[in-house]
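[1] Show me how the following folds:
(one chain, ligands or ions: 2)
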Amino acid sequence: MFLSLVSGSSGNCSLISDGKTTLLVDCGLSAKKLEEALLKAKVNPCDISAMLITHEHSDHIKGAGIVSRKYNLPVFATLKTHEYMDLGKIDNRNIKYITPDIDFEIGTIGVRPFSIPHDAADPVGYNFFMGEKKLSLATDIGNMTDDLMDSLKGSLAVLLESNHDVDMLKNGRYPAVLKRRILSDIGHLSNIDAAKTVLELVKSGTKHIMLGHLSNENNTPTAAYTTTKQYLEENGVILDKDATLSVAARFEVSCFR
Ligand SMILES: [Zn+2]
Ligand SMILES: [Zn+2]
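    Ligands and ions are numbered 1, 2, ... in the order given. Okay, here's the model as predicted:
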């Protein structure tokens, strides 16, 4: 099971489970909203083994401290991310350090964090290994690098950022400094850059793509979906035969198609 519980600049939280081990990636929502989302996903919060954090921005950690305390959950993050995020007081035993490119296991799921280019202390995306299957999550990506592409290749399913439509952002009402930050190499991935990434992933064998972390101001689910769909089709990919494509909803549980 690979689900997006909430996704977007307002909050991010995903869930990965192989039926034995269940992990949360990020917790950018309140404990109450998390519990509502888990109920919809038919997951018992007490079955969650751990929380993995990508980086310290509030849309990824808003509820992490409270949820860790309430369910006694370990919080895995890089040393710098732990230093920069404020989770309030959590049990020392629940502070777990990870290092990019160093694999570890939580229960029955293999995990490999990998570095991503984003304006945070030491941000990561994640690969998950369940038997033969590799699943990946990569959002908050300023630009696609070769290393990042290598980390994602070979994944059966990828949750990938498709943050903004470049024209909507450039013509929108954000202040210039914020526009520059988002467009920079350590900001967020545009719809067209997501589309190019998805094409490469599908060519390398990825079967399921979910676009996520959409900007509320500078994107729409239709714009994100259509940009990638058209780009794939222009390049000979037949959707639903070669690969499935979906968009993670902002406040709804979203499954891969
Ligand atoms: Zn961020
Ligand atoms: Zn974010």
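[2] right, and the helix or strand after the helix or strand harbouring residue 178?
    In the assignment (DSSP states H and E), residue 178 maps to helix 176-183. Note on helix 176-183: by DSSP H and E, the next helix or strand toward the C-terminus is helix 191-203.
[3] Distance from the chain centre to that following helix, please.
    Distance of helix 191-203 from its chain centroid, counting by C-alpha atoms, centre = their mean, to the nearest Å, is 16 Å.
[4] what's that helix in contact with?
    By C-beta atoms under 8 Å, 6 or more residues apart in numbering, the surrounding residues in contact with helix 191-203 are 143-144, 149, 152-153, 155, 158, 160-166, 189, 206, 209, 211, 219, 223-224, 227-228, 230-232, 235, 237, 242-243, 245. Glycine gets a C-beta too; all of them are placed from N, C-alpha and C.
[5] starting at the chain centroid, how far to the helix holding residue 178?
    21 Å.
[6] Now for the residue in the chain that ligand 1 sits nearest to: which residues touch it?
    Per C-beta to the ion, residue 57 is where the chain lies closest to ligand 1, at 3.5 Å. Neighbouring residues of residue 57 by C-beta under 8 Å, 6+ apart: 120, 140.
[7] re the thing from before, can you tell me which of the contacts of helix 191-203 end up in strands?
    Applying DSSP state E to the contacts of helix 191-203, the entries found in strands are 158, 160-161, 209, 211, 245.
[8] Quickly list what the residue lying closest to residue 255 once chain neighbours are set aside is bridged to.
    Once flanking residues are discounted, residue 255 sits nearest to residue 3: 5.7 Å by C-beta to C-beta, 6 or more residues apart in numbering. On the basis of DSSP bridges, residue 3 is bridged to residue 15, residue 255.
[9] tally of neighbours for residue 3?
    Applying other C-beta atoms under 10 Å, we find 21 residues neighbouring residue 3.
[10] Roughly how far does it sit from ligand 2?
    Applying C-beta to the ion, to the nearest Å, the value for residue 3 to ligand 2 is 18 Å.
[11] what's the answer for residue 222, then?
    In this view, residue 222 and ligand 2 are 21 Å apart by C-beta to the ion.
[12] and if you look at residue 152?
    Distance, residue 152 to ligand 2, using C-beta to the ion: 18 Å.
[13] Confirm for me that that residue is in contact with residue 138.
    Yes. With contact defined as C-beta atoms under 8 Å, residue 152 reaches residue 138; the gap is 6.2 Å.
[14] intersection of neighbour lists for these two?
    By C-beta under 8 Å, 6+ apart, the residues touching both residue 152 and residue 138 are 125, 158, 160.
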